[in-house]
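Colleague: Pasting the sequence and the predicted model now:
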Amino acid sequence: MVVVQRNEITRTRILSLFAIALAVAVVAGAIAGFSGRSDAMQLASALLAVAAIAAVILAVLQLYAHPKRSQVILFQRDGDVIIATNALHEGFKLRFLRDILGENVFAMSDEDRARWKGLEPDGFYATLYVRDVRKVMLMRLCTMVFDDVFFVDRSDRWEHHDSSSTAEPSFSKREMPHLKSWGRENPS
């Protein structure tokens, strides 16, 4: 598996858009002068147009497969923290956290899983249960691997760290992710 840095993803998106624009120009040029060319040039123009159409298809697939922002919510309960993420398809991030935190990661009970099940309609899944880890260290690890890090304490105070452009955001905002189920049933 190849891990792509955040700025590489943006460059890939820009290159895909340029590839689409160039391919459209090639197809338009091939169609515009097709009838006035010799047979060999018509064949070359047709092959270029086919290659350009294939490039458009590949670039559109690349844009479609562009990963969405990975988000994590850290729910603090006394000395414990529940980590919920929307990036289950990026399991390497969760394995990284589990390997670093090691003996501080515990299995969630069936009651805990049922309590955090309400986040699933919003696209978040409770994945790790961590004990006795300092908030600063956990926040630093999460900002290294996730684009958006949300933290909520027991008194329902939210912090949002946007680390999509840097792994060390210099400030946090007082906002929470768009959770439809949060107002009805606060699991913490």
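Modeller: Right, received. Where do you want to start?
Colleague: next helix or strand past the helix or strand encompassing Ala23?
Modeller: Element membership of Ala23 [criterion: DSSP states H and E] is helix 6-32. Heading C-terminal from helix 6-32, the first helix or strand you meet, by DSSP H and E, is helix 39-64.
Colleague: and that next one, what does it pack onto?
Modeller: With contacts taken as 3 or more Cβ pairs under 8 Å, 6 or more residues apart in numbering; DSSP states H and E, helix 39-64 sits against helix 6-32. C-betas here are computed from N, CA, C, even on glycine.
Colleague: Taking helix 39-64 as reference, get the angle to the helix it packs on.
Modeller: 150 degrees (axes from the mean of the first three to the mean of the last three Cα atoms, to 10 degrees).
Colleague: Please work out the average pLDDT along helix 6-32.
Modeller: Mean per-residue pLDDT for helix 6-32: 84.
Colleague: Can you name every helix or strand that that helix contacts?
Modeller: Helix 6-32 packs on helix 39-64, going by 3+ Cβ pairs under 8 Å, 6+ apart.
Colleague: Can you give me the buried ones in the helix it packs on?
Modeller: 45, 49, 52, 55-56, 59, 62 (16 or more other Cβ atoms under 10 Å).
Colleague: Tell me the one of these nearest Ser155?
Modeller: Within the buried residues of helix 39-64, proximity to Ser155 (Cβ to Cβ) peaks at Gln62, which comes in at 44.2 Å.
Colleague: Tell me how many other residues surround the nearest residue to Ser70 once chain neighbours are set aside.
Modeller: Spatial nearest neighbour of Ser70, chain neighbours left out: Ala87 (3.7 Å); criterion: Cβ to Cβ, 6 or more residues apart in numbering. Using other Cβ atoms under 10 Å, Ala87 is surrounded by 22 other residues.
Colleague: follow-up on the earlier one: could you dump the buried residues of helix 39-64 into JSON lines with pLDDT added?
Modeller: Output for these, formatted as JSON lines (pLDDT from 0 to 100):
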{"residue": "Ser45", "pLDDT": "88"}
{"residue": "Ala49", "pLDDT": "91"}
{"residue": "Ala52", "pLDDT": "93"}
{"residue": "Ala55", "pLDDT": "93"}
{"residue": "Val56", "pLDDT": "93"}
{"residue": "Ala59", "pLDDT": "90"}
{"residue": "Gln62", "pLDDT": "83"}
